[in-house]
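A.B. asks: 3D, please:
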Amino acid sequence: MTTLTTTTTPLDPTPVVVIVPCGGRKASTDTPVPAGELYTGSYHRAARRAADVLAGEGGRVLILSALHGLVELDQLLAPYELRAGQAGTVTGETLREQAAALGITGANVTVLGGRAYVDLARKVWPALTAPLAGTRGIGEQMARLAAIYKPAPARQAPAAPIDREALWQSCREHAEARHAERLAKEARRRAAYVTADTLRITGRRASVRFTFPTGSGTAKAAARLRAARRFAAANGVTVTQLDTVTLQAHGTPEWVARFASALPRLVELVEGYTALVVRHYGRWERHSSAARHLDGVSEVERRAHLRAFRARAFDVIVATLLRPDTEPAPQLDGDAPLWEQADAIAAQYAEYGWFDVTGKADAEEVARLLGAAIVQTAAPAVPAAPTGRRLLTPRPARRTAVLRGARSGLRTTARPEPGAAPEFDQLDLFAVA
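C.D. replies: Residues are numbered from 1 along each chain as shown. So this is what the prediction gives:
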C-alpha cells in the first residue's frame, strides 16, 4: 500500500499598504530628488510619521501624487505644482494600472489624507480605510494623525500614599544643600576682596593673617587693606602690615575670630556701596546738567575722573561708617562737577545705609574658626605696635532712625538735633527722570 504525502503552502497574508498624500510645500531644488524627501510641509510629515506606525515592519508606505499617481519613497521626482482635484490630476485608470504593476490591487489599504485623495484612491480600493474621514479641517486632521504616532500614555497606577516624614526629610536636606551652596558662593565672592588663613592661638592671645588679592588691581587691594586697618581698631584688635597685600591681626582669641569673620563682610558691603555711588556718577554723566562740565573733556580724562572718583568714594564710605554722629557730613555743590564731590556723594550713601561695623561677625563661623584654630605653646614674637590714631568705636545704635521716612526719594528737610543722624536733601539733584 502506497501512502501519498501532500505538501500545502500557506497563503501569503494580505499586504498592508498605507498611502499618504503629496504636499504643496516642496524642497527648494531644480533637480529630481527622492519622493520621500521632496515634500517638506508639516501636514505631509505628520502623515508620514503616522503611516510608519500603521505600516509596521511588514507594511508598505506609498505617496499618492496628484501628478504622478502612486509613487515609491525612493522614486526620483522633480518639484511640481498640482493638487488632487485640479485639472491634470492622475486618473483612476492610471492608478489601477500602477497598483497592478506594484502587486497591491488586493492589499489592505489605508489612506491618510483629505477627501480628494481618498476619493481618488477609492477608484482602485473601494473598501479602503480612511482614518481622517469626517474631520472638519486641517487642525482636526493633524490632531488625529498625532494620536496615531503619539498615542496617549498608559494610565498610571494610583500613587502610593505620601511618606510625610520622608518628604519632610528630603525638603530639609534640599534646603540645607541650597543654603550651603549660597554660603559657599558668598564666601567665594568675598574671597576676591580678602582671605584669612587659619587662626593661631597662644595662651590668651591669637593672631590671623589676611591677604588682599590684587586681581582687580593693586590700587583697590591697597584701599581694602587701609579699610581693614581702620575696621580693626573699631573691632578691638590690633594689626600689623606685613607687606603691600598682607595684614596680621592680634588680640584675644574671640575678638580675633570675630574680626576674621566680619572683615570680608565689611569689605564686601563697602564695595557694594561704592558700586552704588559709581552708578550715581554714571547717571550724572548722562544727565543734561553734566553737559557743561563734560564739554571739551576727552574720553581719557573722563575715565581718569571716574577712577579717582571711585577710589575717593571707597575711602569716604569707610570713614563715614566710623565717623562720630556729631561730625557734619560734606554737602553737595550744584555748581561743581560731580568728580570733585566724591566726599559728599559717598558720605550721603554711607549715612543712608549706615550699619554697625562691630556687628557683622557670623556666630557660627566664629565658632568654626575657634574650633579649627592652631593652638601653639611657644609664644610668638610680639608684633610691632601699629602706628596712627586709634579710631573711635562707633556706637551701635547711633543711626537707627536714619531717613526712615525718605527711603523712596532720599529727601528730608529738617535739621537733625545734636547727636542725631545727619539728614540730607541733595541726593535727588542729579536723579534722572
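A.B. asks: What residues of the top helix by length along the chain count as buried?
C.D. replies: As assigned by DSSP state H, the longest helix anywhere in the chain is helix 253-286. By neighbour count with 16 or more other Cβ atoms under 10 Å, helix 253-286 contains the buried residues 253, 255-271, 273-274, 276-278, 280-281, 284-285. Every residue, glycine included, has its C-beta placed from N, CA and C.
A.B. asks: can you check stretch 222-239 too?
C.D. replies: 223-235, 237-239.
A.B. asks: Now that stretch - C-alpha only, PDB.
C.D. replies: Output of stretch 222-239 as PDB, limited to C-alpha atoms (Å, rounded to 0.1, in the frame of the first residue of the first chain):
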ATOM      1  CA  ALA A 222      45.600  98.800  48.900                       C
ATOM      2  CA  ALA A 223      42.300 100.600  49.600                       C
ATOM      3  CA  ARG A 224      40.800  97.400  51.100                       C
ATOM      4  CA  LEU A 225      43.900  96.900  53.300                       C
ATOM      5  CA  ARG A 226      43.600 100.500  54.500                       C
ATOM      6  CA  ALA A 227      39.900  99.900  55.300                       C
ATOM      7  CA  ALA A 228      40.900  96.700  57.200                       C
ATOM      8  CA  ARG A 229      43.300  98.700  59.400                       C
ATOM      9  CA  ARG A 230      40.500 101.100  60.300                       C
ATOM     10  CA  PHE A 231      37.900  98.500  60.900                       C
ATOM     11  CA  ALA A 232      40.400  96.500  63.100                       C
ATOM     12  CA  ALA A 233      40.600  99.400  65.600                       C
ATOM     13  CA  ALA A 234      36.800  99.600  65.800                       C
ATOM     14  CA  ASN A 235      36.600  95.800  66.400                       C
ATOM     15  CA  GLY A 236      39.000  95.700  69.300                       C
ATOM     16  CA  VAL A 237      42.000  94.100  67.600                       C
ATOM     17  CA  THR A 238      45.400  95.500  66.600                       C
ATOM     18  CA  VAL A 239      47.000  94.900  63.200                       C
END
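A.B. asks: Isn't residue 120 up against residue 94?
C.D. replies: No. In this structure residue 120 lies outside contact range of residue 94 using Cβ atoms under 8 Å: 10.3 Å.
A.B. asks: Looking at the two, which is more packed in?
C.D. replies: Comparing residue 120 with residue 94 by other Cβ atoms under 10 Å, the one with more neighbours is residue 120, at 23 against 15.
A.B. asks: Now that one. Nearest residue, chain neighbours left out?
C.D. replies: For residue 120, ignoring the flanking residues on the chain, the nearest one in space by Cβ to Cβ, 6 or more residues apart in numbering is residue 84 at 5.5 Å.
A.B. asks: Contact partners for that neighbour?
C.D. replies: Taking Cβ atoms under 8 Å, 6 or more residues apart in numbering, we find residue 84 in contact with 21, 64, 66, 116, 117, 120.
A.B. asks: got it, and residue 265?
C.D. replies: 190, 360, 361, 362.
A.B. asks: Please apply the same query to residue 39.
C.D. replies: Taking Cβ under 8 Å, 6+ apart, one finds 22, 23, 25, 26, 27, 45, 63 in contact with residue 39.
A.B. asks: Need the pLDDT of the fourth one.
C.D. replies: The pLDDT attached to residue 26 in the predicted structure is 89.
A.B. asks: Show me the strands in the stretch 1-150 of the chain, by range?
C.D. replies: 16-21, 33-34, 60-65, 69-71, 76-77, 108-111 (DSSP state E, counting those that start in this stretch).
A.B. asks: With the stretch 251-400 of the chain instead?
C.D. replies: Per DSSP E, counting those that start in this stretch, the stretch 251-400 of the chain carries strands over the ranges 374-376.
A.B. asks: in it, what spans have low per-residue confidence?
C.D. replies: The model of the stretch 251-400 of the chain has pLDDT under 70 over residues 325-326, 378-400.
A.B. asks: Return the alpha-carbon coordinates of stretch 363-373 using CSV.
C.D. replies: Provided in CSV are the C-alpha atoms of stretch 363-373 (Å, rounded to 0.1, in the frame of the first residue of the first chain):
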residue,chain,number,x,y,z
ALA,A,363,28.4,83.4,65.2
GLU,A,364,28.5,80.0,63.6
GLU,A,365,31.6,81.0,61.6
VAL,A,366,33.3,82.4,64.7
ALA,A,367,32.7,79.0,66.4
ARG,A,368,34.2,77.2,63.4
LEU,A,369,37.3,79.4,63.3
LEU,A,370,37.9,78.9,67.0
GLY,A,371,37.4,75.1,66.7
ALA,A,372,39.8,74.9,63.7
ALA,A,373,42.4,77.1,65.3
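A.B. asks: And it, what's buried?
C.D. replies: Using 16+ other Cβ under 10 Å as the test for burial, stretch 363-373 gives 365, 366, 369, 370, 373.
A.B. asks: isn't the fourth one right up against residue 256?
C.D. replies: No. Residue 370 is not in contact with residue 256 according to Cβ under 8 Å; the separation is 9.3 Å.
A.B. asks: what residues do these two have in common as contacts?
C.D. replies: residue 199.
A.B. asks: from the buried residues of stretch 363-373, which is closest to residue 124?
C.D. replies: residue 365 (83.7 Å; Cβ to Cβ).
A.B. asks: what separates residue 38 from residue 98, distance-wise?
C.D. replies: Per Cβ to Cβ, to the nearest Å, residue 38 is found 18 Å from residue 98.
A.B. asks: how's this structure carved up into domains?
C.D. replies: 16-149, 190-430 (automatic domain parsing).
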